[in-house]
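> The following comprises the amino acid sequence and a computationally predicted model.
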Amino acid sequence: MDMAPKTLETSRSEILSTVDGQPLKKALARTERTKRFKAILLVAPLLTFITVTFLYPICLMLFRSVENPLVAENMPQTLEVLQKWDGKSLPSELAFAAAAKDLAAARKSKMIGRLATRLNFETSGLRSVITGTARKVKKMEAPFKEAMIQARSQWGDVATWSTIKRLGPTIIDVNYLAAVDRGYNVKGEIELRDEDRRIYVSLFGRTLLMSLIVTVASLFLGFPIAYLLASLPLKYSNLLMILVLLPFWTSLLVRTTSWIVLLQTQGVLNDVMVWLGLFEDEQRVQLIFNAQGTVIAMTQILLPFMVLPLYSVMKTIHPSYMRAAESLGAHRYTAYWRIYVPNTLPGIGAGSLLVFILAIGYYITPALVGGQDGQMISNLIAFHMQKSLNWGLAAALGGILLGGVVILYWLYNSLVGVERLKLG
Amino acid sequence: MSDKSEVLVRFESVQKSYDGEVLVVKNLNLEVARGDFLTMLGPSGSGKTTCLMMLAGFEPVTHGKITLAGQPINNVPPHKRDIGMVFQNYALFPHMSVAENLAFPLQVRKVSKVDIEVRVKKALEMVQLDQFGGRRPAQLSGGQQQRVAVARALVFDPALVLMDEPLGALDKQLREQMQYEIKHIHENLGVTVVYVTHDQSEALTMSTRIAVFNDGVIQQLAPPNILYECPDNAFVAQFIGENNSLSGTVKEVKGKNCVVDLDGGGTVQALAVNIGGIGSRTKLSLRPERVEVNPVSGSLPNVFEANIKELTYLGDHIRTRACICGQENFIVKIPNASHHALLHENTKVQFGWSIEDCRALDG
Ligand SMILES: Nc1ncnc2c1ncn2[C@@H]1O[C@H](COP(=O)(O)OP(=O)(O)OP(=O)(O)O)[C@@H](O)[C@H]1O
Ligand SMILES: [Mg+2]
């Protein structure tokens, strides 16, 4: 099968060969090989660096979103007994005895805390059940069923046992389910979380919406600037370019905090408004520590990433296109709209893609000025990384974000073509 | 009345300066008749493009007036002038197909869809690109792009078409072919063309009239043959075709003719075209192909002995460089006819020419 296309090709054109009779393709490949080897040597340092510091951690993180070794390692006997459990009524004494043994062993090997935390992520309240029982399990005697239920009443719930059974496999999908506000119920079916615990889907939605607003806003603000940059005489455009790049020379933190100074209720903008008499002192508006503040600050910070690709595309649009359109009878505005703007599309695409991708993963600005409703998904990832230590869930959230970006890129590629992307 | 309607474009003492310090176009007066193929020819920087841009409306006129079909157009914006234009880089819209490019001027004129289709098809046929309507400009060769640009400038039937060095980017062979194609389109449609080039053979091939520009001034405006055979001044003589230039002093003026003492020795009888009085400096212009080798004695008034320096065989003629009257680079073209004179380097020979072929111009 594999040979078919090859023979077809050779039958169509004779095999070309060099003077001494070698096939031309082989000779070419040999000369190309040294060239390629040199090229690989040149990029090797960077390649190693990226692999070690970027690709490897990402893979590790993605793996963490599905891996689940704690329960399998620390409750092996329980899991074995639970394998035959129907999941409807309480398991038999056998299971209780196995659990008691496992807990004792886990306490001895000092894994009990982590095990408890892991189970607690899935069903809150289980931490104290596990640690509390483990403390008493040494003194317990058969029948363990009564003893354990007496120690913690949750052992009498079917839910506790199904949680343990569900977390048994070493590769699981619960983190991804949790990341989209879903989980298994007692019967083992996937269902939505309780209303008060659904946060991630709406947060993803808000993150997308805010990123979209930031992208559109920076497009509208950036387009005229880029046009000016591309059409002004060099003397002025250089100055303007410095102004565009100026934010890059200032620390991100400084820029974000200066927005606080400007926008807070007692800030510069409100003071000016009150001073101008536009509204009363009591009517000062809250412009920061909410979604608005995040959008404003992020637009300012990401603006250069829109301006630069647009500028580089506009620079290549020869002025004769506009002149040609006008000489053909189009009004300046028609010419601008029908000739100029379509030719800037690669820049619009590149700028928007860049800003949007940067925006959906943005962390510092929403963390500083986002307040309650200006938080984005990255802030929650950080929360799970640093506070709740639920790395699995953090990894799953990050994985979904990464997947979204890849899909976006793929869409752009199949609609516009990445080879038309111009980043500067 | 009829005489006036013949004039389509008129420049009336037009001046142009970009920076307020240098006049790029100095007092230009020019009339382009309907149906004319007028070429602006001149060295780089002589103001040709500037004139064209003022006519198209992309550069404001500093002083003077331009009229189109009798109407002053100084304040008419470019899109209302109805002037087709072909740019040097073609300026085909890269995001539109060839057919869409041609449809664009019709769309902005609100021509009906059906008409657009018919006219685009006709225009494509005119430039022999019927099969290429669906392609993007980037998928065409340079010559094909050129044709599309020409078709686009003509598709909306403008009375006037401007072309600014439209063939500059093509190779020699294609350029010559396109010269004829554009010339034939001009003849078939009867459209008025103002053409800019600094290639003199292109100008001679295509134009009905040529305006030779130098330094913002029209040096001579004439049909190609007159321009070549009867240049008004030394610049035109030197710029159009190959030319032998002999400088000297006017010794005597006899009606239409004059006698000139050459700087390198010798006295020549010449046609007094553009000279001052006796004693003024002059440059004699003599075309290399108008020199006769070893003329029958007494048949020509100007005969001098020359020393052959170099012979170059060029197929249809033999280019001869000789030293005559102290002039080192005197060029003679000897046609490769069946009985042409056989010359040898470093031999002496007689060169002769008539009075009419030797024009005394400004010094
Ligand atoms: N936009 C401009 N601003 C200032 N000076 C200009 C501008 N365009 C042209 N010039 C000057 O005007 C003079 C005439 O230029 P123009 O482009 O008309 O020459 P041209 O005859 O078309 O030359 P070429 O054959 O090289 O195209 C030149 O000296 C040029 O430097
Ligand atoms: Mg020019």
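Arrived safely, thanks for sending. Ligands and ions are numbered 1, 2, ... in the order given.

> switch to C-alpha atoms for all contacts and neighbour counts from now on
Noted.

> what's the residue in the stretch 251-363 of chain B that ligand 1 sits nearest to sitting at in phi/psi?
Residue nearest to ligand 1 within the stretch 251-363 of chain B: residue B:362 (23.4 Å; Cα to the nearest ligand atom). Per-residue torsions, residue B:362: phi -60, psi 140 (degrees, to the nearest 10).

> Looking at strand pairing, list the partners for it.
Per DSSP bridges, the residues bridged to residue B:362 are residue B:282.

> Which residue ranges make up the domains of chain B?
Following automatic domain parsing, one gets these domains for chain B: B:7-234, B:243-362.

> now stretch A:251-261, how far from the chain's geometric center?
24 Å (Cα atoms, centre = their mean, to the nearest Å).

> so what secondary structure elements neighbour the strand or helix carrying residue B:236?
Residue B:236 is located in helix B:234-239, with elements delineated by DSSP states H and E. Of the remaining helices and strands, those touching helix B:234-239 by 3 or more Cα pairs under 8 Å, 6 or more residues apart in numbering or on different chains; DSSP states H and E are strand B:217-222, strand B:281-286.

> please redo it, this time with the cut-off set to 10 Å
Under the contact criterion of 3 or more Cα pairs under 10 Å, 6 or more residues apart in numbering or on different chains; DSSP states H and E, helix B:234-239 touches strand B:209-214, strand B:217-222, helix B:224-229, strand B:244-254, strand B:281-286, strand B:358-362.

> Settle this for me: residue A:358 is touching residue A:302, isn't it.
Yes. At 7.9 Å, residue A:358 counts as touching residue A:302 under the criterion of Cα atoms under 10 Å.

> what residues are shared contacts of those two?
residue A:215 (Cα atoms under 10 Å, 6 or more residues apart in numbering or on different chains).

> Same drill for the two, tell me which one is more crowded.
Neighbour totals were compared for residue A:358 and residue A:302, and residue A:302 leads with 21 against 17 (other Cα atoms under 10 Å in any protein chain shown).

> for the closest residue to that one other than its chain neighbours, helix, strand, or coil?
Among residues not flanking residue A:302 along the chain, residue A:355 sits closest, at 6.2 Å (Cα to Cα, 6 or more residues apart in numbering or on different chains). Under DSSP: H, G, I helix; E, B strand; the rest coil, the three-state class of residue A:355 is helix.

> what about residue A:355, neighbour count?
26.

> ok, it to chain B distance?
Going from residue A:355 to chain B by Cα to the nearest Cα, to the nearest Å gives 25 Å.

> got it, and residue A:66?
For residue A:66, the distance to chain B - Cα to the nearest Cα - is 47 Å.

> Stretch B:148-166 and chain A, are they touching?
Yes. Counting by Cα under 10 Å from any Cα of the partner chain, chain A has neighbours in stretch B:148-166: B:149, B:152, B:153, B:154, B:155, B:156, B:158, B:162.

> That stretch and ligand 1, are they touching?
No. Counting by Cα under 6 Å from any ligand atom, ligand 1 has no neighbours in stretch B:148-166; the shortest distance is 7.7 Å.

> First-to-last residue distance for that stretch?
12 Å (Cα to Cα, to the nearest Å).

> What's the nearest residue in the stretch 101-250 of chain A when you look at chain B?
Per Cα to the nearest Cα, residue A:233 is where the stretch 101-250 of chain A lies closest to chain B, at 14.4 Å.

> Tell me the spacing between that residue and residue B:167.
29 Å.

> Helix, strand or coil: sort out whichever residue of chain A sits closest to chain B for me.
Closest to chain B within chain A is residue A:329: 4.1 Å, counting by Cα to the nearest Cα. Counting by three-state DSSP, the backbone at residue A:329 sits in coil.

> On the pLDDT front, check it for me.
Looking at residue A:329, its pLDDT reads 93.

> ranges for the strands of chain A?
All strands of chain A, identified by DSSP state E, fall at A:182-184, A:190-192.

> Highest mean neighbour count out of these?
strand A:182-184 (a mean of 20; mean count of other Cα atoms under 10 Å in any protein chain shown).
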